[in-house]
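Structure for this input, please:
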Amino acid sequence: MTADLMPELTARIRTVAHPDAAPCTCVDGTTTLAHRPDTTVLRHAETVAKAHAPGTDPAALTLRLTTAARLPDVFLPPLTPAPAAFVDDRPVTLWPYGTPVDPDTPGAAPWEAAATLLGRLHRAPATPGTPPMRGPAKAAHAIARLRETLAGTAPHPAATPLLRAWSALPAWARGEAPMPGRPRTLCHGDLHLGQLVRHPAPDGPWRLIDVDDLGVGAPAWDLARPASWYACGLLPPDAWTRFLAAYRAAGGPAVPEDGGDPWPALDVPARALTVQTGARYLAKAIAADRPLDEVERSLIDACARMVSGG
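Numbers count the residues shown, from 1 in each chain. You can find the predicted model right below:
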């Protein structure tokens, strides 16, 4: 979204936040929660407006909003059942404000809440016509963007193990074919702690946000990012154990509920999320002309182990 369109989005969210046309007396005015090429999110008072990515299918987005609205014990419910407006041909959705996870208190990260919400989501029936979950497509997009970045620079040593690990994944994990022989359920598609908020703010129950990738697919994908972090040493074993136990307690179908080994189901999705995250980080590091940090190196090292058998 170009900067000159921000006033239009700001005007729309203020109208929603103050429907009686009374003068705005909000101390903080309108604040920007996110502003990237694929999304812009603004907050005014207790209302949030999100301008979705260019090319977003309004019909598919409406189905995703419908799903969120009928699962209020899982998702933050939208304020309208369809896009409320279009800005620069991009659909705009409206939401109540929720308190996000505090990144400065990692010990209080709501892993159990996230797992419980996933278990509920994976057991919920899909609305007829719900589109596919976009997780594998997002992974493929991250690889495509990395290749574009590499095309304009000198070779980077981290790219080789990463791209080899990507090529070693099965076609379904690269978004090139349906996932065979596994359960297909409603899935979030992009689960991480930034996708949880408390509503009502500031300390209501946790709810999922961001329906852009919501759809029908392999539920193991929603567990893949924490599984990847655990395998890479970025998520403590205790947090992973609590996450998995909470998911099983909620009846989640992605792993054996009897306590059996979860890794036959999680291994490939976790590998795909490791490669996806590594690709995103590497592209950003190259663009900023800086060395990889410790977390980024751990992901690249994990990719190297994937193709070496270590």
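
Let me see the ranges of the strands in the stretch 101-250 of the chain.
Along the stretch 101-250 of the chain, the stretches classed as strands by DSSP state E, counting those that start in this stretch are 185-187, 196-198, 206-208, 215-217.

can I get those in CSV with mean neighbour count, mean pLDDT and distance to R64?
C-beta here means a position set from N, CA and C on the backbone, and glycine is covered the same way. Formatted as CSV, those follow (neighbours: other Cβ atoms under 10 Å; pLDDT from 0 to 100; distance: least, Cβ to Cβ, whole Å):
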stretch, mean neighbour count, mean pLDDT, distance to R64
strand 185-187, 25, 96, 10
strand 196-198, 21, 98, 17
strand 206-208, 22, 98, 12
strand 215-217, 22, 95, 7
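
With distance to A287 added, can I get the ones you listed in JSON lines?
Written out in JSON lines, the entries for the strands of the stretch 101-250 of the chain read as follows (distance: least, Cβ to Cβ, whole Å):
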{"stretch": "strand 185-187", "distance to A287": "30"}
{"stretch": "strand 196-198", "distance to A287": "28"}
{"stretch": "strand 206-208", "distance to A287": "30"}
{"stretch": "strand 215-217", "distance to A287": "30"}
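
now for the ones you listed, which one comes closest to E8?
strand 196-198 (25.3 Å; Cβ to Cβ).

now for the closest one, which elements pack on it?
Packing contacts for strand 196-198, counted by 3 or more Cβ pairs under 8 Å, 6 or more residues apart in numbering; DSSP states H and E, involve strand 99-100, helix 111-123, strand 206-208.

Which helix runs longest in the protein?
With residue count as the measure and DSSP state H as the assignment, the chain has helix 263-288 as its longest helix.

List the buried residues of that helix.
Residues of helix 263-288 classed as buried under the neighbour-count rule (16 or more other Cβ atoms under 10 Å) are 265-266, 268-283, 285-286.

hang on, A231 packs against A302?
Yes - proximity of A231 to A302 meets the contact threshold set by Cβ atoms under 8 Å, at 6.7 Å.
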